[in-house]
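1. Mind folding the following:
(one chain, ligands or ions: 1)
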Amino acid sequence: MASKSLNAVLGSCGTLRNLCGKLRNSTCFEASLRVCMEHFCDKSQKCPILRAKPHKLLVLVSLLLLFGCQKAEKVSVPKDALIVGFSQIGAESAWRIRNTQSVQEAAEQAGIQLIFANAEQKQENQIKAIRSFIAYQVDVIAFVPIVVSGWDNVLQEARKAGIPVLVTDRKIDADESLYAGFIGTDSEKEGREAAFFLLDKFAGRKAGDMIRIAEFLGTIGSSVAEGRAKGFRDIIEKEPGFEIFYSESGDFMRSKGYELMRRLLENRSQIDVLFSHNDSMTLGAMDAMREAGLRPGKDIAIITIDAQQKAIDALKAGEVNCVVECNPNLGHLIMDIAKQLAAGGQASRLIHVDESVFREGDDLSALPPRGY
Ligand code: AHR
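-> Predicted coordinates for the structure are as follows:
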């Protein structure tokens with residue numbers, strides 16, 4: 001019932017989009033649309049407009065237009081601005097927050113109207129958001145898939161509607177014909193880099209010594225967790241003397257990284273190395289190590305991924321041993337590709353962004369502030 005009304009609301013939004021072409025350079029259009037989308041994406045069950053009779057919906061949406069006109073005076077979008085619908089996973093880490101800012105800043109700079117939807121860590125919310133973008137007839141859809149699988153149906157719907165879809169940051173296993181391309185991180189390479197550091201660090205170990213590694217995985221089913229785990233194993237498993245004795249998901253969250261490490265230490269596990277799939281989990285784990293009287297980076301070697309400022313600071317302080325960069329600044333590339341796609345062009349199938357590795361002993365004095 002709710003979703004029927006919802007479709008009607010979104011249909012009205014779509015109709016308004018066509019009718020209100022002249023409003024597209026005013027603040028009114030974007031603000032009203034944002035209200036429509038927020039109701040849809042975040043509060044669909046509670047939204048009062050969803051209970052309205054269909055014949056009242058157009059009036060209600062018009063009121064939203066009016067309401068919007070009063071609320072967003074600073075936004076100005078060119079008359080013929082492209083409209084990009086962007087579905088983000090959530091705000092689970094400092095990396096993710098920077099990724100969102102990068103997309104929002106780039107859209108503003110490019111004069112692109114961005115409809116942003118936060119899925120709050122739920123795939124079903126992402127699917128709903130993508131459906132709403134289709135109903136609204138955006139020019140291009142971009143999204144960060146929280147997990148690899150389960151996108152085929154909604155991507156088929158987008159294809160049927162003639163809307164190109166760009167996959168960003170994380171990869172999917174859907175048929176390649178269903179999306180225009182991927183831009184983001186090379187997570188297998190990140191895992192390999194982490195392993196190469198480890199081999200170097202322990203190159204002088206005694207024959208017969210076993211280096212015990214605890215791995216904190218990212219979100220289960222995400223391409224980045226799978227890629228980082230695979231890349232790491234591809235290298236480490238060829239070498240004798242390394243054992244991954246523990247591998248659990250901390251869901252990329254600081255609080256869970258803390259919990260995992262606290263429990264490991266309570267069980268008196270001997271840990272030589274922590275390989276953590278992101279900095280947020282690492283920072284939580286470091287708190288637990290300190291609480292247990294251990295020195296991060298010394299009593300337990302730490303390899304972490306993302307390279308947020310706090311991890312770089314910890315590397316400089318000798319509390320982390322290696323930081324593999326994962327680049328969140330994808331906004332400009334996404335907007336450039338969106339423009340190409342909207343103009344009927346094609347995107348490269350696969351773009352991996354540049355990423356560095358920072359190791360203990362590196363001179364990091366010239367490294368600019370990270371911005372996340
Ligand atoms: O998909 C990229 C990963 O997701 C980052 O490593 C992590 O911090 C984020 O939440």
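2. helices and strands of this protein: which one has the lowest mean pLDDT?
-> Ranked by mean pLDDT, DSSP states H and E, the weakest helix or strand in the chain is helix 54-71, scoring a mean of 41.
3. what stretches of the stretch 101-250 of the chain score poorly on pLDDT?
-> Of all residues in the stretch 101-250 of the chain, none has pLDDT under 70.
4. one more time with 90
-> Counting by pLDDT under 90, the stretch 101-250 of the chain contains low-confidence ranges at 207.
5. Helices of that one, start to end?
-> When secondary structure is read from DSSP state H, counting those that start in this stretch, the stretch 101-250 of the chain shows helices at 123-136, 152-160, 187-201, 223-236.
6. In JSON lines: the ones you listed, plus distance to residue 207.
-> Bear in mind the C-beta positions are built from the backbone N, C-alpha and C, glycine included. Putting the helices of the stretch 101-250 of the chain into JSON lines (distance: least, C-beta to C-beta, whole Å) gives the following:
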{"stretch": "helix 123-136", "distance to residue 207": "47"}
{"stretch": "helix 152-160", "distance to residue 207": "51"}
{"stretch": "helix 187-201", "distance to residue 207": "15"}
{"stretch": "helix 223-236", "distance to residue 207": "17"}
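7. Residue 272 is nearest to which of those helices?
-> Closest approach to residue 272 among the helices of the stretch 101-250 of the chain is made by helix 187-201 (9.7 Å; C-beta to C-beta).
8. which secondary structure elements does the closest one contact?
-> Judged by 3 or more C-beta pairs under 8 Å, 6 or more residues apart in numbering; DSSP states H and E, helix 187-201 is in contact with helix 223-236, strand 273-276, strand 301-306, strand 322-325, strand 357-359.
9. what's the closest of those to residue 110?
-> strand 322-325 (24.8 Å).
10. Now that closest one: buried residues?
-> By neighbour count on 16 or more other C-beta atoms under 10 Å, the buried set for strand 322-325 is 322, 323, 324, 325.
11. Run through the residues that contact residue 246.
-> Residues in contact with residue 246 (C-beta atoms under 8 Å, 6 or more residues apart in numbering) are 213, 214, 215, 264, 269, 271.
12. give me that answer again for 10 Å
-> Taking C-beta atoms under 10 Å, 6 or more residues apart in numbering as the contact definition, residue 246 lies against 212, 213, 214, 215, 216, 260, 263, 264, 267, 269, 271, 274.
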